[in-house]
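Novice: need a 3D model of the sequence below.
(chains A and B)
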Amino acid sequence: MANRFIFRKKSRVRYFDYTMLLTLIILLVFGLVMLYSVSSYDGSVQFNDPAYYLRKQAISTVLGLAVMFGVMMVPYHFFERLAGWAYVIALALLGLVIKFGVMKNGAKRWIYVFGISIQPAEIAKLAIILMVSYIAVRLGKQIATWKGFLITMGVSLPMVAAIYFITSNLSSAIIVFGITFLMCFVASPDYLKFILMTLVIVAVAAAVVYFIATHPDSDLGVRSTRILIWLDPEKYASGKGYQTLQALYAIGSGGIFGKGIGQSMQKLGFLPEAQNDMIFSIICEELGFFGGLCVIALFLLLLWRCVLTANSAKDMYGALLTVGFIGHIAIQVILNIAVVTNTIPNTGISLPFISYGGSSVVSLLFEVGLVFSVQRSIMIKDYV
Amino acid sequence: MSKQPKTFTNAMRAKLAILYILVLLVFVFLTYRLYAITRDNGERYKKQVLSQQKYDSMTIPYKRGSILDSNGSVLAASEKVYNVILDSVDLNRDEAKIEPTFNALRSEFGINVTDVRGFFESNKETSRYRVIARKLPYEKIQHFIELQNAEDSLIAGVWFEEEYQRTYPGGSLACDVVGFASTDNVGTYGLEEYYNDVLSGTQGRQYGYMNEEGALERTTISAEDGYSIVTTIDANIQSMVERHLRKFDEEYHDNARPGNGANNLGCVIMNIHTGEILAMASYPVFDLNNTRDTNALIGMPMLDEKGKRVVDPETGTKLTITEENVGSLTDEAMYQNLNALWKNFCISDAYEPGSVSKPLTVAGALESGSITGNESYNCQGVLEVGGHEIHCHNTYGDGILTVTEGIERSCNVVLMNVAAAEGVGNYVKFQHNFNLGLKTNIDLAGESRTDTLVYSKDNMRSSELATCSFGQGYNCTMIQMISAFSSLINGGYYYEPHVVKKILNSSGATVQNIEPRLLRQTISKETSDRIVSMCNTVVTGEHGTGKTARPAGYMIGGKTGTAQTLPRGNNEYVVSFMGYAPANDPEIAIYVVVDRPNVHHQDDAKYATRIVRSILTEVLPYMGIFMTEELSEKEKAELEELQLEITAPEGLLTEEEEVGLEDVAEADVPEEGEKSEEIWKTFAVDPRTGYAVDPNTGDYVDPVTGAAIGEKPLDETITVAGLEDLVEISYDDILADLNDTKEEETGDSGEDTEDGDSGDDGAKEGE
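Specialist: Prediction:
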């Protein structure tokens, strides 16, 4: 009681979740260490500089941390007013890709702003969190109605379409849609719609997979080969199944405790995009099943701290921002690990805070800043 | 509600909790997946990973050793060159670099980018190795490498593969001796083939392996470069020789028949005290840097797929390769003709040597004690041996000649008498001693075996002995003859001829010195001295057949040879001169063979002696051998024109010498007012040809020597294909044929002999 009294007296003392910050920093530092281990070979081969990727990622991370602390200091309701603008700007940036996009790895996903390459899809994920939170709060109880549900889900559709058709980036489109879906789920009081929708999606997916599996020669484009590879990667070992199979080799050869950090063989040019989408498999190769488990545990801890934040948030808007972040992290981690373990068909999804990618880490740390801002509004007494 | 800030309701908290639990469950499932992969496939995947780690071990090329002349000039060397390799997969990684890379390839190497782009577009997913330009020197790729290494280079997917290319800076210089090597280091012909193992190094290797801890280690074993060889060939002498052979060809090209100045021209210069070859050349030559240039074939006799001369079916003339018909050769025929061009005439072609072998016969007879050397024999132009009449080249007879005069005038009758005194046993023994019929084992690829082309004690009868005494009836190669002859004049020491004197490692240190190899003593020093003095008369003597071989300012010795070829009576001859210098104390031997000179009357050794003279005129001063003879004004002018240093002692020329030298220069001019015994001197000279005409027969006769010129072909073609066949064909029949059909012919003697002689300048003293 005495303590509470003291805190109450010093009412300006704000809540700050050091556990979450520590978890975050461990993830970031661990990510940089692993990135260096994974990318030094590729960096020295391609750029004659083993630290090439590390340097670029470290700069992005520092920038992201600055953004995070900046956002943290701003009361999050400030962003409520900016939601519409953020949404429009994100769409506009996606539009710019059509004209100014730069091809990398066979896809047009990047634009250059003042010499810095930016991936608009990453900004879109941030924008959708801001926008859905705003809409859900405005709709209030109406979100429970079909109309409210459709409006909320509909907000994501232009973004999803733009990402998919302009940048042909299926995974980012899925993530944007998934974030919207999860936020909507938490904001709505009922379950039926969501269960139905999940069932429909699962049924359609199962039907498509069944169709492709039984008609392997049908012309369903790139995605169909990806599904065939998913069903039997070794059959396509020398072709498009190569990456998936190499990732599995990496995980399997790591065993329980791994080969030791820096000892990966798969990173020596065998596993394409090892520093990017496939970094988790190299973590498993070097640190073993145990290392992979630790990474998963770190993410669970981070998410748990966010759940606590959302539950204690002063208002619904703050809580939904946090839920958006939870959805974002959860979907990306799950899909990433599912891809490298060949649990789902291969689609390029990076592992938050660990994979190489500047736009991604800055945009994610912006979201972390929002979560911290939400935390800062929590009075100690409110924190359960 | 709308005014109040909305709160996160308990229902929402519940749903968030459910969401978290769902996420947790999925994470647990994924963790299980991870564990399952490790458990089910861990061991298999571990092996997979190890198996794909094996580095494609990369070979590192070695540098093939150089071939140097005796002064260190490069005859053959390997240079590092670079192949441009396109890694399409690498280039495809960054679209922004594709165009700049193609532009750089076009501007730096002049590569046709359309083709490369086409290949890239269709293989950009898979191809990692594609050679797009070959064998560029470092200077050509230097700028590209700078571009590639620039800070913000836009070039990707291009690298360079090292290779060595064989180059021959001398082009066709010593082509037959050097031979050539393909890019995969296989030597063909000559030194490149014979010393292939020495010149070749050991390839290096770069490979990876697993150490005990299962970690990858990479090891590089560097390549070992091949050894270089230093030859005894002096590039200066070699090029002098080649120049004069070419000059001969130019002079007689398309002269009497279409084609080269002779079917083959060969010249060997040898150090008689060591067996070192100073120069070895033949004509036609070919460019070692472009061995398949068919232009080099033009002028050569045309061979068919089986290597036989092509004969025009209508006219019956033997065909020659011309610019027009060179393209019509089939692949096999082309191969035969190219081989004829590439082979080394001096070591791989066997022929009947003719009178050049006379000193060998005399040396054997002297050494065996069969003659004293002081005998005299009466030459009446013909001698009957074993029932056959074998003629001398001078069918009118030279009268009584000593052995020395027999050599000087190249008298067949004297030699047949000497051989008869010597007997088959001694003759065969000494021929064997002189290594005829045996390979000399010179260190060059492609030396012929001639063991079946000489007679043995068992199959040689008196008539074969008679013809062999003047060099018809057995075959030898140039290198065999000059090696044997060198032992005659150096005191009797037979050295194995060799071309390489030193082997160096890649850093230039001597690995092996190849010392002269003395095989045996063929004759005694005394006999050798006598032979030298006899052979000196060939050049110095009044009737010497080799006067025209003497270079200005020097005295040399030697022996001429004019050999009939098969079939007898085809009017085709192999003329030659074996010389040595200086005459009183020989250091070098020179042997020139002109195989069927392109002239109407081939039986004239002057075609060979003039080549010897022009070569020695340059070579002897170059070798630092001082002149011993006084020079006529004409010779001085000649040497000045050649810009050669005159090392002759100053002094006036005697009248006699003047005449002699005049002879050298214009040996063809008939002399008048000679002794009356030489009846051919009284014959009228045909102003058209310059030859005397025998009023009884209408045949041309050499106005100086009395030798018949340009014998008419035999009426019956004698089918003697080769020496192996000869042994089986009845010798008597052939002789009978020869003598019946052509009585006037000089020196016929059965089988393959006819007149062996020819260098004929002197058959003046008849008796």
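
Novice: how about low-confidence regions in the chain?
Specialist: Using chain A here. The model of chain A has pLDDT under 70 over residues A:1-14, A:103-107, A:115, A:216-223, A:237-239, A:379-384.

Novice: wait, chain B
Specialist: Looking at chain B by pLDDT under 70, you get B:1-5, B:53-57, B:151, B:208-217, B:644-767.

Novice: biggest helix in chain A by residues?
Specialist: For chain A, the helix with the greatest residue count under DSSP state H is helix A:279-312.

Novice: didn't B:Gly561 look like it was pressed against B:Tyr607?
Specialist: No: assessed by CB atoms under 8 Å, B:Gly561 is found out of contact with B:Tyr607, at 11.3 Å. Heads up, the C-betas are built off the backbone N, CA and C, glycines and all.

Novice: mind listing the shared neighbours of these two?
Specialist: B:Val575 (CB atoms under 8 Å, 6 or more residues apart in numbering or on different chains).

Novice: these two - which one has more neighbours?
Specialist: Neighbour count, other CB atoms under 10 Å in any protein chain shown: between B:Gly561 and B:Tyr607, B:Gly561 has more, with 35 against 27.

Novice: in contact with B:Gly72, which residues?
Specialist: B:Val230.

Novice: at 6 Å instead, please
Specialist: Applying CB atoms under 6 Å, 6 or more residues apart in numbering or on different chains to B:Gly72 gives no contacts.

Novice: again, but for B:Ala281
Specialist: Contacts for B:Ala281 (CB under 6 Å, 6+ apart) come out as B:241-242, B:245, B:267.

Novice: let's see 7 Å
Specialist: Neighbouring residues of B:Ala281 by CB atoms under 7 Å, 6 or more residues apart in numbering or on different chains: B:174, B:238, B:241-242, B:245, B:267.

Novice: now the strands: where do they sit in chain A?
Specialist: Taking DSSP state E as the test, the strands found in chain A are A:102-104, A:107-113, A:116-118.

Novice: I should have written the stretch 551-700 of chain B there, sorry.
Specialist: Secondary structure of the stretch 551-700 of chain B, counting by DSSP state E, counting those that start in this stretch: strands at B:557-564, B:573-581, B:588-597, B:684-685, B:692-693, B:700-701.

Novice: out of those, which is closest to chain A?
Specialist: strand B:588-597 (61.8 Å; CB to the nearest CB).

Novice: which elements pack onto the closest one?
Specialist: Applying 3 or more CB pairs under 7 Å, 6 or more residues apart in numbering or on different chains; DSSP states H and E, one finds that strand B:588-597 contacts strand B:262-271, helix B:478-489, strand B:573-581, helix B:606-622.

Novice: tell me the angle it makes with strand B:573-581.
Specialist: On the basis of axes from the mean of the first three to the mean of the last three CA atoms, to 10 degrees, strand B:588-597 is oriented at 170 degrees to strand B:573-581.

Novice: using PDB, list the CA coordinates for strand B:588-597.
Specialist: The C-alpha trace of strand B:588-597 is given here as PDB (Å, rounded to 0.1, in the frame of the first residue of the first chain):
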ATOM      1  CA  ILE B 588      81.600 -28.100 -89.000                       C
ATOM      2  CA  ALA B 589      80.000 -30.300 -91.500                       C
ATOM      3  CA  ILE B 590      77.300 -29.100 -93.800                       C
ATOM      4  CA  TYR B 591      75.000 -31.300 -95.900                       C
ATOM      5  CA  VAL B 592      72.600 -30.000 -98.500                       C
ATOM      6  CA  VAL B 593      70.200 -32.300-100.300                       C
ATOM      7  CA  VAL B 594      68.100 -31.100-103.200                       C
ATOM      8  CA  ASP B 595      65.400 -33.700-103.900                       C
ATOM      9  CA  ARG B 596      64.400 -33.500-107.600                       C
ATOM     10  CA  PRO B 597      65.400 -29.900-108.500                       C
END
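
Novice: can you report how many residues lie near the residue of chain A found nearest chain B?
Specialist: Closest to chain B within chain A is A:Gly252: 3.0 Å, counting by CB to the nearest CB. The tally of other residues near A:Gly252 (other CB under 10 Å) stands at 27.

Novice: what sits against the residue nearest to it when sequence neighbours are not counted?
Specialist: Nearest residue to A:Gly252, sequence neighbours excluded (CB to CB, 6 or more residues apart in numbering or on different chains): B:Tyr45, at 3.0 Å. Residues in contact with B:Tyr45 (CB under 7 Å, 6+ apart) are A:248-249, A:252-253.

Novice: domain assignment for chain A?
Specialist: Domain ranges of chain A: A:14-73+A:232-384, A:83-190, A:200-231, per automatic domain parsing.
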